[in-house]
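[1] This is a predicted model, with the sequence first.
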Amino acid sequence: MKALLVAPLALLMVIETVLSSQTNGISMQGIVLRAGSHEPVSKAYVELCSAGGNSRVFAATTSEDGRFVIRNAPPGRYELIVHRIGYVTAKYGQRRTAGPGELITLDDATPFEDLTIEMTPTAAISGRIYDGFGEPVIGAKVRAIKSVYQQGTGTLTEIQSTVTDDLGEYRLFWLPPGRYFVSATGPDPATDMNTVFNESRSDFSYRSSNLLSTNLSLNYPDPVAPIPQTRVVPQQSEVYVPVYFPTTIDRRGALPIDLQAGAEFNGVDITLQRLHAHRIRGTIVDAVTGEVLREQNTQILRSHNPPMYIEPETPPYSSDSYPSFGLLDQRTGIFEMRDVAPGNYYLIAQSGERSGRVAVEVRDADLEDVVVSIAKRFSLRGHVTIEGRSSATDDPVLAKLKISLRRDPFIPAFGFVSASPTSDGSFTFESVAPGDYRVGLEPILSQDGNTAAGQTIPRGLYTKSIHEGNNDVLNSGLHLTRQPAESLEVVVGMNSGSLSGSVVDENQRPAANVLVLLAPDIAHRNRTDLFQEVITDTSGRFQIEFVPPGDYKLFSWKTIEDDIWQDPGFMQTYENRGKPIRVREGSHEDVSLVLITTPDVTHER
Amino acid sequence: MNVLWTVLFALLAQTGTTASIEGIVVKLGTGEPLARATVTLRNDNNVRLVLSATTGADGRFAISNIQTGEYRLQASHPGPYMLADYGQSKPTRRGSLIRITAGQKVTALRLELAPTSSISGRILDSDGEPLGRVEVQALQHVYDEGRKVLVTMQSIRTNDLGEYRLRLLPPGRYYIRATMQNPDEQSSQIFVKPPQERFTFYQPAFVPYISHRALENGEVEDFVDVPVYFPGTIDSEMAEPLEIHIGENRIGMDFTIGSGHRRAHRVRGKIIGSTGQPVQNAAVEVVPRNPDSSVFRLKGRSAEDGSFDVAGVVSGSYFVLAEVVGEPLRNSAVASGRVSIEVADQDLANIPVVVVPNFTIAARVVFEAYPENYIPTGGGVRLAREPVIGLPSGPTMNLGGTPEFAGVGPGDYRIESAGAGFLKSARLGTSDILIDGLHLDRQPDDPIEIVLARAASVEGRVVDSKQQPVPNAVVVLVPPPNSRRRADRYAFTATDASGRFRIQKGPGDYKLFAWEDIEPGAWQDPAVIRIYENRGQPISLNSNTQQGIELRVIQ
């Protein structure tokens, strides 16, 4: 074994986690500073990761004066990432916190000597949880939640959770700056022995790409179900329900906490609430035969509608704090769920290949005689044509395409399913449940999952039309109630347009590092695949390649919450500030934009 | 404080076939009535028969419609209080059953809830900077095999200010241990049991976080972060205990864990078969020869040429264990091997580990004092690998099957009963393996001779100096001195409300002791039993039940 790194300064520790036989490489020096100040950050761990296939990593730790040196890195393209406890992980070339970085090209000619990397400090939220008697609650679960927008759906997503100590106190920490909600619920008797909680690191931001990997997608259909009949029976117990800071069980009344970098937000106290719990009873019925199911393999469970939170790494159906299975009495065929807090739920039933769900609302009484119909799923066939290419088989472009299907409205926890066309362009989605869907080219989200919808692989391709018979599936969605009679016809266009432009502020100065949003015209706002966002460079310029032909509006903001433009309410506020633009096949447009100044983007939820 | 419970029975009237109780729940020490305490009355013979009540603002409760029977009466509280168990002599002890008869009306019951304690402070690095997300544990000594070992009672994490608060603790003597975690870890676990019961959790061996540092001469050094005990030592013997009283909140227990950052070494070598051929894909593990409570589990796997490389080993004495599954060698599905190594201040290279096919040891089992033609229906005898890391494991002979131990590799073992009754003797050739253990380099020529005896029992009662029965006394059956190293030779129980006990064990000579209060397992500690040796009552157990023993309690 040859070890090659030499520590150039006594104070400096240089660490190489992958050893190589290369001995004379290039050196790199730099400094790590606290964002917004010139305070050096010591003990930051600087990683230089090769961008190629080989995962070679060189690393150093900053000294007291924030400086670091990495020596003997072989020429190549690298990503430079800096980690430090108490700071959001920074990448070289980032234009905003948690945004994408830039690659560094190391060659013999240009040693890097004065790299500056700024790190954003994290923030903390603390407080106390009380019960209805004003006593502190031990072991209450407290969550820091953010609204994450995907495919036009805003979902509350847990960023971090913790439990209160014996004084009822909690502290959520190492949170990246941003807008948070805090919720608390009572101790969970099932977890008090072994409490697992997600205390995220500062660089952990919940990305929609995580959700892309969710595979279980279309298992929960919406067959037509009779309206449940209700009758009143005596109530039995009380259950804790999540309370949002400051005092509401309705998430729309939650008060957001705008956490600034390095801030301490203390005194976020919450008083827990218990509600009378109810019972849900009913039967699971085969939609075709009307038979009541009693088999042992029949499952019934409920989940919040919409899902209460998305918790990282939990199965989709347990996306709230109390996912609950019901008990099915095999003798009578009646299922029962106890201790259900008032609220909206989906009851989801499954038995072998049949499944179904029904939306119910529990108010102030038990629900009786709920019927959940279940049915076998469909098989959805289609065919892709690439415009302007012969219908010859084995088209290499075709081989790279994937068609994806998602629920409409999008349910993040359920994700996407996708199908690859065969060499003649035909594809099939097996086992599709009845319901409303959107169809498109994969990925509907961009690769980093964080930003624009609309980028497709291979780049430049776009969905030109999708029809099922006479139905415009691309713009109106797919509404499945029975096995479709006709095949889905997907036409892929190759001749997209492109855009470039510049953004200036109100004083006509170039606006660097600001967000530019390309949004479809109002008539196509439900086409989430048509949105794209980019960040301007240092001279205020931007470029958007591969724009499907159509009518758009361009917007530019300096600081808005990630992905909040997916919220129609937000867009409404700024609708008339957008600059209309028409993109034609193969066209290129250059546009001048004026930054939309947003002294306050707070809006009512 | 010996008596926490003041219980006044008052038989007021016969009111039919059911009984009722009433009383008050107060805070121990202050006597302040506690509202919202849950009082439960559980029938000892019918787990489903549970009655409960909640105390009002005045701390009072009442339970009626109680059927005749023996009950356990307990009180708990959502706040920071321990469980109160009727009849307990200390808040950490189990209580006793109460007998309630038809028509009885019990009043003025008083249950005292002991507040829990806490220990808090900060964990710092060697520069005095607070460390976040460090695992901090509260440990206590318990007796295991006559040895005091530290077990984890609670495990939490520091916050971003380096602060920790071990909470909801029963009173006792605690050690605090802090371990730096891998900074790449995304989520963490905490283990906090409400104070309603004493509990420990099984702590899997640590998987160490290994970091590297390159020196100016080009060498690369490895480091691991080992646990550091309060007030800042990596040696558990040097750890300073904290004596925590009922309801005490100990603050300012700050300490630095820089000393846990230890130089680590690599152990490299080759796994070879008995004819010298390289053995690939063997599971290699480097385990301490004397595992303590902070064991590192260091694992590797042999490459195609049989070589292995295990990182993260701090100086000490170890075994390198190798095991390979899947017919690597002729005539065996599993082969294993073991060598002893000493790691000082450098890496070890060229360590050869020879794996030999696992073998079978025949056994001959004699059932003593069982009926003639006795056929066992279950249970087995286990050869448990030593050192035991985590839960004991090893080849087990099922009494219902072929009398042999299959899949035994070279190594050290001890023999123990796994639900097979009382292991009276076990010999291999001239060696008494019950006492000496089993040390194998190869397949032994002789079978293991095992005698399993049927348990006998002894019954009696425990009294104090005034000949009054002692409820909740700890009664222990202690084997003769040459068998005292073996935990399975002891038996213990607690007396019921009328001071009675019944204890079961294999035939043989014993001494019987009764303590009013003793730490569980302390009787296996030679230093403890020496103090009480002459207070024990010699007893010889045979196949008949002995009755009417009267024991004087040791106070």
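    Happy to help now that I have it.
[2] I'd like to know which elements the lengthiest helix in chain B is packed against.
    Counting residues, the longest helix found in chain B (DSSP state H) is helix B:526-532. For helix B:526-532, there is no helix or strand it packs on, judged by 3 or more Cβ pairs under 8 Å, 6 or more residues apart in numbering or on different chains; DSSP states H and E. For glycine as for every other residue, the C-beta is placed from the backbone atoms N, C-alpha and C.
[3] How about B:F191: which residues does it bridge to?
    Applying DSSP bridges to B:F191 gives these bridge partners: B:S155.
[4] Surely it touches B:V151?
    No: counting by Cβ atoms under 8 Å, B:F191 does not reach B:V151; the two are 11.9 Å apart.
[5] Tell me the spacing between the residue lying closest to B:L109 once chain neighbours are set aside and chain A.
    Leaving aside its sequence neighbours, B:L109 sits nearest to B:G23 (Cβ to Cβ, 6 or more residues apart in numbering or on different chains; 2.8 Å). Using Cβ to the nearest Cβ, to the nearest Å, we find B:G23 at a distance of 22 Å from chain A.
[6] Surely B:G23 is in contact with B:R60?
    Yes: taking contacts as Cβ under 8 Å, B:G23 lies within contact range of B:R60: 7.2 Å.
[7] contacting residues for B:N398?
    B:379-380 (Cβ atoms under 8 Å, 6 or more residues apart in numbering or on different chains).
[8] Does stretch B:221-234 reach chain A?
    No: using Cβ under 8 Å from any Cβ of the partner chain, we find that stretch B:221-234 stays clear of chain A, coming within 9.2 Å at best.
[9] where does B:V3 land on pLDDT?
    Model confidence at B:V3, expressed as pLDDT, equals 36.
[10] Actually, A:V142.
    At A:V142, the pLDDT recorded in the model is 91.
[11] burial count for it?
    28 (other Cβ atoms under 10 Å in any protein chain shown).
[12] Kindly provide the distance from it to chain B.
    Plainly put, A:V142 is 13 Å away from chain B if you go by Cβ to the nearest Cβ.
[13] How about A:Y346?
    To chain B, A:Y346 is 27 Å away according to Cβ to the nearest Cβ.
[14] Now that residue: which helix or strand?
    For A:Y346, the host element (DSSP states H and E) is strand A:343-351.
[15] quick one: that strand to chain centroid distance?
    24 Å (Cα atoms, centre = their mean, to the nearest Å).
[16] Other residues contacting it?
    Contacts for strand A:343-351 (Cβ under 8 Å, 6+ apart): A:219-220, A:241, A:280, A:282, A:284, A:293, A:295, A:297-306, A:317, A:326, A:337, A:355-362, A:370, A:372, A:374.
[17] And the buried ones among these, selectable in ChimeraX?
    Applied in ChimeraX, the following selects the buried portion of the contacts of strand A:343-351 according to 16 or more other Cβ atoms under 10 Å in any protein chain shown:
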select /A:220,241,280,282,284,293,298,300,301,302,303,304,305,306,317,326,337,355,356,357,358,360,362,370,372,374
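[18] Strands along the stretch 401-550 of chain A, start to end?
    A:403-407, A:416-419, A:426-432, A:435-441, A:462-468, A:471-472, A:478-480, A:488-493, A:497-504, A:515-520, A:532-535, A:541-547, A:550-557 (DSSP state E, counting those that start in this stretch).
[19] Worst mean pLDDT among the ones you listed?
    Mean pLDDT, when computed for each of these, is lowest for strand A:416-419, at a mean of 80.
[20] what packs against that one?
    Using 3+ Cβ pairs under 8 Å, 6+ apart: strand A:416-419 touches strand A:403-407, strand A:426-432.
[21] repeat that with 6 Å
    Contacts defined by 3 or more Cβ pairs under 6 Å, 6 or more residues apart in numbering or on different chains; DSSP states H and E place strand A:416-419 against strand A:403-407.
[22] relative orientation of the strand it packs on and strand A:426-432 in degrees?
    With axes from the mean of the first three to the mean of the last three Cα atoms, to 10 degrees applied, the angle from strand A:403-407 to strand A:426-432 works out at 30 degrees.
[23] Map the structural domains onto the sequence of the chain.
    If you meant another chain, say so; for now it's chain A. What automatic domain parsing lists as the domains of chain A is A:14-119, A:123-208+A:242-271, A:276-375, A:378-493, A:497-594.
[24] you looked at the wrong chain, it should be chain B
    According to automatic domain parsing, the ranges for chain B are B:19-113, B:117-256, B:270-290+B:297-353, B:359-453, B:456-552.
[25] what's the closest non-adjacent residue to residue 113?
    Picking chain A for this. A:Q29 (5.0 Å).
[26] Please refer instead to chain B.
    B:Y81 (4.2 Å).
[27] Give the burial count for the residue in the stretch 501-605 of chain A positioned nearest to chain B, as a bare number.
    Residue of the stretch 501-605 of chain A nearest chain B, by Cβ to the nearest Cβ: A:D562 (19.8 Å). Residue crowding around A:D562 was assessed by other Cβ under 10 Å; the count is 23.
[28] what bridges to the nearest residue to B:A455 once chain neighbours are set aside?
    Closest residue to B:A455 apart from its sequence neighbours, by Cβ to Cβ, 6+ apart: B:Q504 at 4.6 Å. Beta-bridge partners recorded for B:Q504 (DSSP bridges): B:S457.
[29] Show me what secondary structure element comes after the strand holding A:Y346.
    Following strand A:343-351 in sequence, per DSSP H and E, is strand A:354-362.
[30] What strands line up against that following strand, and which way round?
    Here, using DSSP bridges, strand A:354-362 pairs with strand A:343-351 (antiparallel), strand A:367-376 (antiparallel).
[31] any idea of the angle it forms with strand A:435-441?
    Using the same axes, to 10 degrees: strand A:354-362 against strand A:435-441 is 120 degrees.
[32] follow-up on the earlier one: the helix or strand following the longest helix of chain B: which residues count as buried?
    Sequence order places strand B:537-541 as the next helix or strand after helix B:526-532, per DSSP H and E. Of all the residues in strand B:537-541, those buried under the rule 16+ other Cβ under 10 Å are B:539, B:541.
[33] Likewise for stretch B:52-68?
    B:53, B:55, B:59-61, B:63, B:66.
[34] quick one on the thing from earlier: any chance of TSV for the strands of the stretch 401-550 of chain A, columns mean neighbour count and distance to A:R128?
    Shown next, in TSV, are the strands of the stretch 401-550 of chain A (neighbours: other Cβ atoms under 10 Å in any protein chain shown; distance: least, Cβ to Cβ, whole Å):
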stretch	mean neighbour count	distance to A:R128
strand A:403-407	24	39
strand A:416-419	21	41
strand A:426-432	17	49
strand A:435-441	21	44
strand A:462-468	20	52
strand A:471-472	14	55
strand A:478-480	18	49
strand A:488-493	20	55
strand A:497-504	20	45
strand A:515-520	23	38
strand A:532-535	21	40
strand A:541-547	18	47
strand A:550-557	21	37
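[35] Skip the chain neighbours and tell me the closest residue to B:G121.
    B:G121's closest residue in space is B:M253 (Cβ to Cβ, 6+ apart), at 3.4 Å.
[36] number of nearby residues for the residue nearest to B:L109?
    24.
[37] who's in contact with the residue nearest to B:I244 when sequence neighbours are not counted?
    Sequence neighbours aside, B:S117 is the residue nearest to B:I244 in space, at 4.7 Å (criterion: Cβ to Cβ, 6+ apart). By Cβ atoms under 6 Å, 6 or more residues apart in numbering or on different chains, the contact list for B:S117 reads B:169, B:171, B:244, B:248.
[38] Contacts only, for the last one.
    By Cβ under 6 Å, 6+ apart, the residues touching B:E248 are B:S117.
[39] pLDDT at it, what is it?
    97.
[40] Next: A:T456.
    Value for A:T456, per-residue pLDDT: 40.
[41] Distance check, B:E533 against chain A.
    On the measure of Cβ to the nearest Cβ, B:E533 and chain A end up 40 Å apart.
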